[in-house]
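# Structure, please.
(chains A and B)
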There are 2 protein chains.
Amino acid sequence: MVPHLTTALTGPLLDMERLILGATPQIERWFRNQWQEHAAPFYTSVDLRNSGFKLAPVDTNLFPGGFNNLNPDFIPLAVQAAMSAVEKICPDAQRLLLIPENHTRNLFYLQNVAQLANILQQTGLEVRLGSLIPELTEPLKVDLPDGTSLLLEPVVRHGNRIGVAGFDPCAVLLNNDLSGGIPALLKNIEQSLLPPLHAGWHVRRKSRHFATYNQVATEFAALIGLDPWFINPYFSTCGRVNFQERQGEECLEKNVAIVLEQIRNKYAEYKIDAEPFVIAKADAGTYGMGIMTVKDPSEVRELNRKQRNKMAVGKEGQQISEVIIQEGVHTFESINDAVAEPVVYMIDHFVVGGFYRVHTGRGPDENLNSPGMHFVPLAFATPCCTPNRLANPDSTPNRFYTYGVVARLAMLAASIELEQTDPNNQ
Amino acid sequence: MVPHLTTALTGPLLDMERLILGATPQIERWFRNQWQEHAAPFYTSVDLRNSGFKLAPVDTNLFPGGFNNLNPDFIPLAVQAAMSAVEKICPDAQRLLLIPENHTRNLFYLQNVAQLANILQQTGLEVRLGSLIPELTEPLKVDLPDGTSLLLEPVVRHGNRIGVAGFDPCAVLLNNDLSGGIPALLKNIEQSLLPPLHAGWHVRRKSRHFATYNQVATEFAALIGLDPWFINPYFSTCGRVNFQERQGEECLEKNVAIVLEQIRNKYAEYKIDAEPFVIAKADAGTYGMGIMTVKDPSEVRELNRKQRNKMAVGKEGQQISEVIIQEGVHTFESINDAVAEPVVYMIDHFVVGGFYRVHTGRGPDENLNSPGMHFVPLAFATPCCTPNRLANPDSTPNRFYTYGVVARLAMLAASIELEQTDPNNQ
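Residues are numbered from 1 along each chain as shown, chains lettered A, B, ... in the order given. This next block holds a predicted model:
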């Protein structure tokens, strides 16, 4: 049912997988201790890149879509993990309001919302969908391709509580990343709000996340005796860029050159025969807008008007001025010559599955998470919690276990990031 | 792959399943609150009987065998639940010693040990098997039918720590129910010992468990508006019975009569057309020895010598003197005319699967858990955590959800029972 991955494996990744597999007891104990110190986000998805010589997270999403792309066989894992999350965060909850993104025409996304509601219902919660669409004044039934439907209801607020008509929830789960800032409706509500408001992209910065990830990856790599670079992409930032007005080009050029030089040195150190590249993208936000691949610093100056306009605007029309320049990790996993990029899903601190974004029309050094979701999802064939020390380090269950380990490192970084940016801790 | 169950469903059970399904949010919240108050055992299995009009636990095992009979598709659920258990009970553990029963010739049982070790290894623990077999002086390799093997090593003790040669574990997991009392090797050891020693059958009494279950079932039934009898079997006890010397017959006869009368009244109340019976069995211990089905009090006096001898001795030759007389629940689930009895498995407080004991040579009112395991295991087709409110209450996932709810009630009773019998709380 699930095609086989033809992964171009070279030595270093196999070594890393062997290292990780051999250190499983230490790794799991280390994670257990970390989760005694830090609270995992309610849910997280992590985009990984696997170059065959390097396996690294490139994006950590605290409002994951795509639950509909997971292997249906593993949905019970998600239910069980969600039971843990509810138990820790809102044990007293019976009713939960799920607030999705506003784009009602994206059926891929709405199938995600349906699957998420399904998982939460199976934990025993009553779930209703509250929409923040300003023009929505009455319930909107949306039919889904599988014959089911969703009911989006306008969020109503009474005092400091929100809900939908006739439904007063104990907890509110956001699946809306707040790229456009915090809506007034959500401010100062007394119910448990998950994830917290400061997990939204109006506050989060990829650079802060990767600075935290840098610490986590360094500690983890020391634990198992690995050069952290194998799991950690270099990055740099430029804070004041205006693509349309050509401001900040020097900063970009300089930092692109720095990161490319760092990569070149590592490639030389490990005798890796590949062309370094960086990804320049908005430091806040997601959805694959405003992303470019750069192989030479001069490319920054040579953007044409169309490219500039594309880089200037993020999700929901947000102006991009802060840019992160991140080491590009080649994608050397492919299925029938199509590039395949893994995304790992977690609920509470458990890995509950994942899938590949499989894209036929793109090269291994381009960004796959583009608007409109022009990819074919391929669910992971095995869960990420079944390492098999008798099998090869790169056998399917072990490969996925390694993916799960690296994804959990990124989730841990996000947990620490959320502690650091919590307005109540300031 | 998994045959369909032909369950003879009558009204009351369908009503109960409908009630439970409709009350899922209240039920799950109630369980969440219970688990804030009480610590779940490391692992538990619960034998259920489903008569079509009644669904009740008849035995709760704190040293479950049979993990090899679970659906392999759901092993990841067991791994995830075991991660939770390890996290709560022994987060610092890296090495775990698993102590199995002593019967090395029972390959069914040893396959269970292998599966259990596999689950624990996948949580990231290093696992070795420590045997209490007195005559074992060096490691014994046992080949299993699937081509793998187990290594049973003699338990060694240094001061207050136990382990096997070259292996000093942080935690010890018993899969040995201590029917014969606590071996000196296990007394006063400083490592975490799971389950605690007082969970062994040298301390446990079925009557104490069902007295606690009675309280749990009553509270739960009130929550959802159900007569607790539908999930709770009547029982009584006789404390001083000697089958071989015909002592305590009067007590048995009297109590059998009382329980049969209670059942008759309930059958009349609910217009149930079935013949009441009770099961008389050892109040301590397990393994289906010393068990008899009684439909009339006079049968107690009419036992022949062979029957008396059979009733007199429990597992490992323990003399039976305390007897529990428990309401018999007919088994009306069958597959191709063979009686099928569900067993539900839990790790931490999560239901991780279950299977049916399918037995062709027995009637619906007899005990199935007989020595030598003469049954065919049939793994549950779906997990017990995926209720579907859009499907019929007796659809497969909903039936299994209901099984999971009743099994969790029995597990909760066992948790409270362990608190009450904890020597540190006396």
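
# From now on I want contacts and neighbour counts done on CA atoms only, so please keep to that.
Noted.

# And whichever helix in chain A runs longest, what's buried?
Identified as the longest helix of chain A according to DSSP state H is helix A:396-421. Under the neighbour-count criterion of 16 or more other CA atoms under 10 Å in any protein chain shown, helix A:396-421 has A:396-419 buried.

# Stretch A:14-22 now?
Buried residues in stretch A:14-22, counted by 16+ other CA under 10 Å: A:14, A:16-21.

# which other residues reach it?
A:27, A:52, A:224, A:226, A:230, A:387, A:389, A:393-394, A:398-399, A:402 (CA atoms under 8 Å, 6 or more residues apart in numbering or on different chains).

# got JSON lines for these, with pLDDT, secondary structure and distance to chain B too?
Listed next are the contacts of stretch A:14-22 as JSON lines, based on pLDDT from 0 to 100; DSSP: H, G, I helix; E, B strand; the rest coil; distance: CA to the nearest CA, whole Å:
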{"residue": "A:27", "pLDDT": "95", "secondary structure": "helix", "distance to chain B": "8"}
{"residue": "A:52", "pLDDT": "83", "secondary structure": "coil", "distance to chain B": "25"}
{"residue": "A:224", "pLDDT": "96", "secondary structure": "helix", "distance to chain B": "14"}
{"residue": "A:226", "pLDDT": "95", "secondary structure": "coil", "distance to chain B": "19"}
{"residue": "A:230", "pLDDT": "95", "secondary structure": "helix", "distance to chain B": "22"}
{"residue": "A:387", "pLDDT": "84", "secondary structure": "coil", "distance to chain B": "6"}
{"residue": "A:389", "pLDDT": "77", "secondary structure": "coil", "distance to chain B": "9"}
{"residue": "A:393", "pLDDT": "80", "secondary structure": "coil", "distance to chain B": "14"}
{"residue": "A:394", "pLDDT": "77", "secondary structure": "coil", "distance to chain B": "16"}
{"residue": "A:398", "pLDDT": "88", "secondary structure": "helix", "distance to chain B": "11"}
{"residue": "A:399", "pLDDT": "87", "secondary structure": "helix", "distance to chain B": "14"}
{"residue": "A:402", "pLDDT": "93", "secondary structure": "helix", "distance to chain B": "13"}
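
# Counting neighbours, which of those end up buried?
Among the contacts of stretch A:14-22, those classed as buried by neighbour count (16+ other CA under 10 Å) are A:27, A:52, A:224, A:226, A:230, A:387, A:389, A:393-394, A:398-399, A:402.

# Skipping adjacent residues, who's closest to residue A:313 in space?
Leaving out its chain neighbours, the residue that sits closest to residue A:313 by CA to CA, 6 or more residues apart in numbering or on different chains is residue A:319, at 5.0 Å.

# so that neighbour sits right up against residue A:311, yeah?
No. Using CA atoms under 8 Å, residue A:319 makes no contact with residue A:311, being 9.3 Å away.

# Can you give me the first-to-last residue distance of stretch A:333-341?
Stretch A:333-341 has an end-to-end distance of 7 Å (CA to CA, to the nearest Å).

# Buried ones in that stretch, by neighbour count?
So stretch A:333-341, judged by 16+ other CA under 10 Å, has buried residues A:333-335, A:338-341.

# Ok, stretch A:142-155 next?
Buried, per 16+ other CA under 10 Å, within stretch A:142-155: A:150, A:152-155.

# Now the terminal residues of that stretch, how far apart.
Using CA to CA, the two ends of stretch A:142-155 sit 17 Å apart.

# quick one: contacts of it?
By CA under 8 Å, 6+ apart, the list of residues contacting stretch A:142-155 from outside reads A:104, A:107, A:110-111, A:114, A:128-133, A:136-141, A:162-165.

# From the residues you listed, keep the buried residues only.
A:110-111, A:114, A:128-133, A:139, A:162-164.

# what does chain A put close to chain B?
A:24-29, A:32-33, A:73, A:76-77, A:79-80, A:87, A:91-95, A:122-126, A:350, A:383, A:385-388 (CA under 8 Å from any CA of the partner chain).

# Could you check the angle the helix or strand that residue A:343 is a member of makes with helix A:396-421?
Per DSSP states H and E, residue A:343 falls inside strand A:338-347. Using axes from the mean of the first three to the mean of the last three CA atoms, to 10 degrees, the inter-axis angle of strand A:338-347 relative to helix A:396-421 is 60 degrees.

# For strand A:338-347, give the mean pLDDT please.
Average pLDDT, strand A:338-347: 90.

# Report the rounded mean pLDDT for the following helix or strand past that strand.
Per DSSP H and E, the first helix or strand lying C-terminal to strand A:338-347 is strand A:350-359. Average pLDDT, strand A:350-359: 90.

# The next helix or strand after strand A:350-359 pairs with which strands?
Going down the chain from strand A:350-359, the next helix or strand is strand A:376-379, by DSSP H and E. Sheet pairing for strand A:376-379, assigned by DSSP bridges, gives strand A:350-359 (antiparallel).

# so residue A:156 makes contact with residue A:166?
No. Under the criterion of CA under 8 Å, residue A:156 makes no contact with residue A:166, lying 9.8 Å away.

# Between those two, which has more neighbouring residues?
More neighbours surround residue A:156 than the other of residue A:156 and residue A:166, with 19 against 7 (other CA atoms under 10 Å in any protein chain shown).

# give me every residue that touches the more buried one.
Counting by CA under 8 Å, 6+ apart, residue A:156 touches A:162-165, A:185.

# what residues are up against the closest residue to chain B within the stretch 51-200 of chain A?
Nearest to chain B, among the residues of the stretch 51-200 of chain A, is residue A:124, at 4.4 Å (CA to the nearest CA). Residues in contact with residue A:124 (CA under 8 Å, 6+ apart) are A:94, B:24-29.

# what does residue A:355 give?
A:69-71, A:342-344, A:377-380.

# Among these, which one sits closest to residue B:59?
Nearest to residue B:59, judged by CA to CA, of the contacts of residue A:355 is residue A:71 at 35.3 Å.

# Surely the closest one is in contact with residue A:377?
No. Using CA under 8 Å, residue A:71 is not in contact with residue A:377, being 10.1 Å away.

# Quantify the burial of the nearest residue to residue A:174 once chain neighbours are set aside by counting its neighbouring residues.
Take residue A:174 and drop its neighbours on the chain: the residue closest to it by CA to CA, 6+ apart is residue A:99, 4.9 Å away. Residue A:99 has 23 neighbours, counted by other CA under 10 Å.

# Going by neighbour count, which residues in the helix or strand encompassing residue A:99 are buried?
Secondary structure assigned from DSSP H and E places residue A:99 in strand A:95-100. Going by neighbour count (16+ other CA under 10 Å), the buried part of strand A:95-100 is A:95-100.

# What is it packed up against?
strand A:126-131, strand A:171-175 (3 or more CA pairs under 8 Å, 6 or more residues apart in numbering or on different chains; DSSP states H and E).

# Each with direction, which strands does the helix or strand following the shortest one pair with?
This means strand A:171-175. As assigned by DSSP H and E, the chain's next helix or strand after strand A:171-175 is strand A:192-194. Taking DSSP bridges as the criterion, strand A:192-194 forms sheet pairs with strand A:171-175 (parallel).

# Output the strand it pairs with as CSV, nothing but the C-alphas.
Written as CSV, here are the backbone C-alpha positions of strand A:171-175 (Å, rounded to 0.1, in the frame of the first residue of the first chain):
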residue,chain,number,x,y,z
ALA,A,171,-11.0,24.6,27.1
VAL,A,172,-10.2,26.2,23.8
LEU,A,173,-7.8,24.6,21.3
LEU,A,174,-6.3,26.9,18.6
ASN,A,175,-5.5,25.5,15.2
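
# related to what we said a few turns ago, now the two most distant members of the contacts of residue A:355.
A:71 and A:342 (13.3 Å).

# overlap in contacts of these two?
A:354-355.

# now the nearest residue in space to residue A:413 that is not next to it in sequence: how far from residue A:56?
Nearest residue to residue A:413, sequence neighbours excluded (CA to CA, 6+ apart): residue A:213, at 4.8 Å. In this view, residue A:213 and residue A:56 are 10 Å apart by CA to CA.
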